[in-house]
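[1] What shape does this take:
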Amino acid sequence: QVQLVESGGGLVQPGGSLTLSCAASGSIFSIGAMGWYRQAPGNQRELVATITSGHITNYVDSVKGRFTISRDNAKNTVNLQMNSLKPDDTAVYYCNADITRMRPRLTSNYWGQGTRVTVSS
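    Below is the predicted model:
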């Protein structure tokens, strides 16, 4: 069984910072791209940032310069450092990863359960 578990959400004031963490666990052979998505109330889930196993990153325009995605391939973790947070960043944030299991050697896309981030004064 493979799973992704997020942590680090919470309430923060505008201009503040939060770091989200996601750990993959289970019978894992390898992990490809990892990423963070978010879904605000009434909106569709949107991409926030992705990072390849080679640490190539991609960000949605609205978070460029404020958010930083990073990963530790040895620990099977991915983080999202969020600075200068705005009320528009309020959403449930989801971790996502392409994971190849040990046996059978299959690659599937996995989602975490989500962690809520609220930016409000």
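[2] Contact partners for the one residue sitting closest to the centre of the chain?
    Central residue of the chain (C-alpha atoms, centre = their mean): residue 36, 2.9 Å from the mean position. By C-beta atoms under 8 Å, 6 or more residues apart in numbering, the contact set of residue 36 is 20, 22, 48-50, 69, 78, 80, 93-96. Glycine gets a C-beta too; all of them are placed from N, C-alpha and C.
[3] quick one: it and residue 101, what's the gap?
    Going from residue 36 to residue 101 by C-beta to C-beta, to the nearest Å gives 22 Å.
[4] Give me the pLDDT for the nearest residue to residue 5 once chain neighbours are set aside.
    The spatial neighbour of residue 5 that comes closest, neighbours along the chain excluded (C-beta to C-beta, 6 or more residues apart in numbering), is residue 23 at 5.4 Å. Residue 23 is assigned 98 on the pLDDT scale.
[5] looking at this, residue 23 is in a strand?
    Yes - residue state for residue 23 (DSSP: H, G, I helix; E, B strand; the rest coil) corresponds to a strand.
[6] Which residue lies closest in space to residue 97, excluding its sequence neighbours?
    Nearest non-adjacent residue to residue 97 (C-beta to C-beta, 6+ apart): residue 34, at 4.4 Å.
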